[in-house]
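1. Coordinates for the following, if possible.
(chains A and B)
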Amino acid sequence: MNLTTLLATAGVVTLGGALLSTVGLADPTPTAAATADGETYQIDSGHSGVVFKVGYMGVSTFYGRFNNVSGSYQLDYDNPSQSSIDIRIDAASVDTANAGRDEHLRGADFFSAKEFPEISFVGEQFESVDADTLRVTGDLTMRGVTESITVEIDWMGDREDPRGGYRSGIDSSMTINRSDFGVNYGVATGALGDETTIMIGLTGTRR
Amino acid sequence: MTLSVGDPRLDAVAFGALGPAAIGFTATLAAYLIVRASARKADPSSAPSRAGIGPALGVGLAFVLASLGLDGVPERMPVGSADWVLPVMATALLAAVGGELLAKGRKAIAVRWLLRVAVIGVIVAGPLSLPIKNRWEGGETVAWVGGIALWMLLAFAASDRTASRSSPPSSVLVWHALIGGLVPVIFGAGVTAQSQIAGGVAAGLGGVLVAAWLGRKALPPMRAVGGVVVPYIAMLLLVSWQFVSDLAWWEFGVIAATPLAIALIDLVPVVRKLSAFKRFVGRMLLVIAATAAVSGHHVPALVGELTGSSSSSEDAYWESLG
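-> Below you'll find the predicted structure:
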């Protein structure tokens, strides 16, 4: 191997390492821990997901998602009463891979996103279930209607972000009757189910 | 709780067409029979005005059936603008019927207008409460609330004027054409449920029209029908406009202007000299032109949904609504 080849190889390796580092793949050792730390995390919309599913015509399950979610959480599994969670979903960001349907979902028949731009969940009471799970009773507000619901929130882990900062993640799922919130299009005719499950996977950045 | 008969296509026919049409026809025909029976008794003078509640009941109940059948029975207090259509229409129906029944003579006019103001009050306290709270400030609130209230008062007056100068069938046909013509634009504004219900109201007016034709010599002017239709058009405008849905401002303006223009066209000197039939033709042409202007470009999408004839993936969604 001559000097030119050696230098070129070293350069490629160095450049590749730098590139891998920027996409977060250079550090193969996870430091995630399934322990809530009581710190406050800002929801990172780009790495969070809110997916919903509802029955279609009584024969299948239809899935959609909301693309923009914001808010914060502070979950203390040792002292649940010190916890808080505030999730804000942009109703207009509903996405079902069909522009016409999304427009309909944003309209008065469903979310009426111009009148009620946010769907929110604000935790009120926190109770420990086990080391990784909190049972949270809070106010779910959709289309201007607020209902108290209880959900379980799982701490998925937390770790240093190779690009800086500190991240954690939580998962939750809630099943509601959408007609309780006035979102009843298609329920009377049986075209769409009433029972709707909302699945939430959030990534937070420590403040 | 629903009124559903199960199959969405049967629901659409039962609650969006045949049921409302039957109600409109039955209520108006019953009023016609009452008029005829009353005319044979001692007090024929009270019969005509009381008979006027039949068509109003027909239209109002047609809306209620279409609304409950197609959109379900409300299970909570209204919150959004669309939720308020049913309560406002129930109030308008009571006001229209009450206005014809509660008072006679000089007091009748005052009572009728007082009840109409009460309907406007429900709209301000109900569907307008959200933009008043969240969107408008100071003078903007006054301008919007004042504008909507003024429009309704003028539209009520216009409908009274048109009813008093038209035969019952011709005045109902004008309303029928207007509401039916608005179905595509309401659909196009993204308020599918309300466009389906508007189809039911148009069907109800169709039933009223047939019965009004049969009883045209015995029925009084269709004043009370305007008491129901004017608030209905106001609510269609409110649930379709920019704050709630996607009705374009020029479409909003054309729809709002049409009920007023129907009455004002009689004030044009050339039109004033025409026969009653020709004036009716003029009103119909006005309604057809206005509804074609706002609804015409929405018709293909609506037809595609109704017939399942569209082929794009976007249209496939609307077809799937049944």
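
2. Leaving out the residues flanking it, which one is nearest to B:Ser81?
-> B:Pro127 (4.3 Å; Cβ to Cβ, 6 or more residues apart in numbering or on different chains). (Each C-beta comes from the backbone N, C-alpha and C, glycine too.)

3. Can you give me the neighbour number for the one you found?
-> By the criterion of other Cβ atoms under 10 Å in any protein chain shown, B:Pro127 has 28 neighbours.

4. what kind of secondary structure is it in?
-> Put simply, B:Pro127 is coil when judged by DSSP: H, G, I helix; E, B strand; the rest coil.

5. so who does it touch?
-> B:78, B:81, B:84-85, B:88, B:235, B:238-239 (Cβ atoms under 8 Å, 6 or more residues apart in numbering or on different chains).

6. could you measure the nearest residue to B:Thr192 once chain neighbours are set aside against B:Thr28, distance?
-> Residue nearest to B:Thr192 in three dimensions, not counting chain neighbours: A:Asp109, with 5.3 Å by Cβ to Cβ, 6+ apart. Between A:Asp109 and B:Thr28 the distance is 31 Å, computed by Cβ to Cβ, to the nearest Å.

7. Neighbour count: the two, which is higher?
-> Taking other Cβ under 10 Å, A:Asp109 and B:Thr28 do not tie; B:Thr28 has more neighbours (33 against 24).

8. For the more buried one, give me its contacts.
-> Per Cβ under 8 Å, 6+ apart, neighbours of B:Thr28: B:54-55, B:58, B:207-208, B:211-212, B:215, B:219.

9. 7 Å instead, please
-> Residues in contact with B:Thr28 (Cβ atoms under 7 Å, 6 or more residues apart in numbering or on different chains) are B:54-55, B:58, B:208, B:211-212.

10. which stretches of chain A form strands?
-> Here chain A has its strands, by DSSP state E, at A:40-43, A:49-56, A:60-66, A:69-74, A:84-90, A:94-95, A:118-130, A:133-142, A:145-160, A:166-177, A:192-206.

11. Now render these as JSON lines, adding distance to B:Val97, mean neighbour count and mean pLDDT.
-> Below are the strands of chain A laid out as JSON lines (distance: least, Cβ to Cβ, whole Å; neighbours: other Cβ atoms under 10 Å in any protein chain shown; pLDDT from 0 to 100):
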{"stretch": "strand A:40-43", "distance to B:Val97": "53", "mean neighbour count": "19", "mean pLDDT": "95"}
{"stretch": "strand A:49-56", "distance to B:Val97": "40", "mean neighbour count": "18", "mean pLDDT": "96"}
{"stretch": "strand A:60-66", "distance to B:Val97": "43", "mean neighbour count": "14", "mean pLDDT": "96"}
{"stretch": "strand A:69-74", "distance to B:Val97": "49", "mean neighbour count": "20", "mean pLDDT": "96"}
{"stretch": "strand A:84-90", "distance to B:Val97": "44", "mean neighbour count": "20", "mean pLDDT": "97"}
{"stretch": "strand A:94-95", "distance to B:Val97": "41", "mean neighbour count": "20", "mean pLDDT": "97"}
{"stretch": "strand A:118-130", "distance to B:Val97": "40", "mean neighbour count": "17", "mean pLDDT": "95"}
{"stretch": "strand A:133-142", "distance to B:Val97": "36", "mean neighbour count": "20", "mean pLDDT": "96"}
{"stretch": "strand A:145-160", "distance to B:Val97": "32", "mean neighbour count": "16", "mean pLDDT": "95"}
{"stretch": "strand A:166-177", "distance to B:Val97": "35", "mean neighbour count": "18", "mean pLDDT": "96"}
{"stretch": "strand A:192-206", "distance to B:Val97": "35", "mean neighbour count": "19", "mean pLDDT": "95"}
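
12. what's the closest non-adjacent residue to B:Ala218?
-> B:Val35 (4.4 Å).

13. Next, count neighbours for that neighbour.
-> Around B:Val35 there are 22 residues (other Cβ under 10 Å).

14. Distance of it relative to A:Phe121?
-> B:Val35 is 59 Å from A:Phe121, by Cβ to Cβ.

15. Same question for B:Gly69.
-> Counting by Cβ to Cβ - B:Gly69 and A:Phe121 are separated by 33 Å.

16. Chain B is nearest to which of the strands of chain A?
-> Among these, the nearest to chain B by Cβ to the nearest Cβ is strand A:145-160 (5.7 Å).

17. residues in contact with A:Ile170?
-> Contacts of A:Ile170 (Cβ under 7 Å, 6+ apart): A:73, A:75, A:153-156, A:202.
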